[in-house]
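Q: Quick one, fold the following:
(one chain, ligands or ions: 1)
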Amino acid sequence: MQRESRKVSRRRFLKEATGAVGAASALTILKPRWVRGAEKEIGVVVLLGPPGAGKSEQSRRLTARHSIPIISTGDLLRDQVRRGTQLGLQADTYMKAGQLVPDSLMNPILEDRLSQPDCARGFILDGYPRTLAQAESLDVLLKRQGLPPHIILLEVPTERLFKLLTGRRVCPRCNRSYNIYFQPPQKENLCDADGTTLVQRPDDKEEVIRRRLDTYQKETQPAIEYYARQGRLVRVNGNQPPEKVAAELEVKIASP
Ligand code: ADP
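A: Next up is the predicted model:
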């Protein structure tokens, strides 16, 4: 049932995309490679799920397997903050408070990144959309590019999320993340990959986490319902070991 409606909605997405652009680019859009099936290309994967559900971990696995870039809006924003740009300075206030960065700051940063050549074949989107308005903006953007996305929801029970978030530690050098309860590094508080001391992100503090989970319920849930209503949402059980989540994800992405 669900498979059939997803197929139909992906077809409709492509059809609308071809109607929305000029004839020359429509030709390329009409036959994206993964539709022809010559190569196993997955195109765009949108990873949805509450904070702490393991979107970054699954992104890393997908990128290793399919050689498409990870576009993490959290990382894009943190990069702006690190570089001290005007956008970064403005975004920082919201991020520290565990609030969503306004679309007027977020969308230009994302659009700019998605227009880079390495995104032409597809990409993994982690952390966007987070609101209904962002889901609609993304549809417009992807239709323009002729890329019907796989919309994946990583589902994790709320009670587990809190521990997942408060226990999270990240490597400031390579961005790899760990969890002191569920996925500790081999040596206490040191990154397995490069030995750097792990840190807790400022937005992983307890009161901020409560606010982030709250924001997810209020803001992101409507975006999820938007996809579900259209039969485009693919649910993956995120409450299992990362390799099992990855396996389930691969199977579901491979089916049309
Ligand atoms: P997590 O997925 O654990 O919440 P992220 O790294 O994705 O963490 O995001 C960190 C912060 O960056 C968010 O709390 C929010 O302030 C901001 N942010 C990330 N993505 C978006 C987005 N799509 N829209 C608005 N703000 C965002």
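Q: Quick check: residues of the protein near the ligand?
A: Proximity of the chain to the ligand is confined to 51-52, 55, 73-74, 77, 94-95, 98-101, 106, 127-128, 130, 134, 203, 212 under the rule Cβ under 6 Å from any ligand atom. All C-beta spots, glycine's among them, are computed from the backbone N, C-alpha and C.
Q: How about the residue of the stretch 51-200 of the chain found nearest the ligand, nearest residue that isn't a chain neighbour?
A: Proximity of the stretch 51-200 of the chain to the ligand (Cβ to the nearest ligand atom) peaks at residue 74, 1.9 Å away. Distance criterion Cβ to Cβ, 6 or more residues apart in numbering; nearest residue to residue 74, sequence neighbours excluded, is residue 127 at 4.8 Å.
Q: residues near the one you found, how many?
A: Residues within reach of residue 127, counting by other Cβ atoms under 10 Å, total 23.
Q: Hmm, it is touching residue 59, no?
A: No: between residue 127 and residue 59 there is no contact under Cβ atoms under 8 Å: 9.3 Å.
Q: re the thing from before, tell me the confidence at the residue of the stretch 51-200 of the chain closest to the ligand?
A: You'll see residue 74 listed with a pLDDT of 92.
Q: For the helix or strand that contains it, give me every contacting residue.
A: Using DSSP states H and E, residue 74 falls within helix 73-82. Contact partners of helix 73-82, identified using Cβ atoms under 8 Å, 6 or more residues apart in numbering, comprise 87-89, 91-92, 95, 101, 106, 109-110, 113, 125-128, 130, 175.
Q: Swap in 7 Å and give it another go.
A: With Cβ atoms under 7 Å, 6 or more residues apart in numbering as the test, helix 73-82 has contacts from 87-88, 91-92, 95, 101, 106, 109-110, 113, 127-128, 175.
Q: of those, buried ones?
A: Among the contacts of helix 73-82, those buried by neighbour count (16 or more other Cβ atoms under 10 Å) are 87-88, 91-92, 95, 101, 106, 109-110, 113, 127-128.
Q: Find residues that contact each of residue 127 and residue 59.
A: Shared contacts of residue 127 and residue 59, defined by Cβ under 7 Å, 6+ apart, are found at residue 72.
Q: Could you report the distance from the residue lying closest to residue 242 once chain neighbours are set aside to residue 73?
A: Sequence neighbours aside, residue 57 is the residue nearest to residue 242 in space, at 5.1 Å (criterion: Cβ to Cβ, 6+ apart). Distance from residue 57 to residue 73, counting by Cβ to Cβ, to the nearest Å: 16 Å.
Q: go on, residue 80?
A: Residue 80 sits 11 Å away from residue 73, going by Cβ to Cβ.
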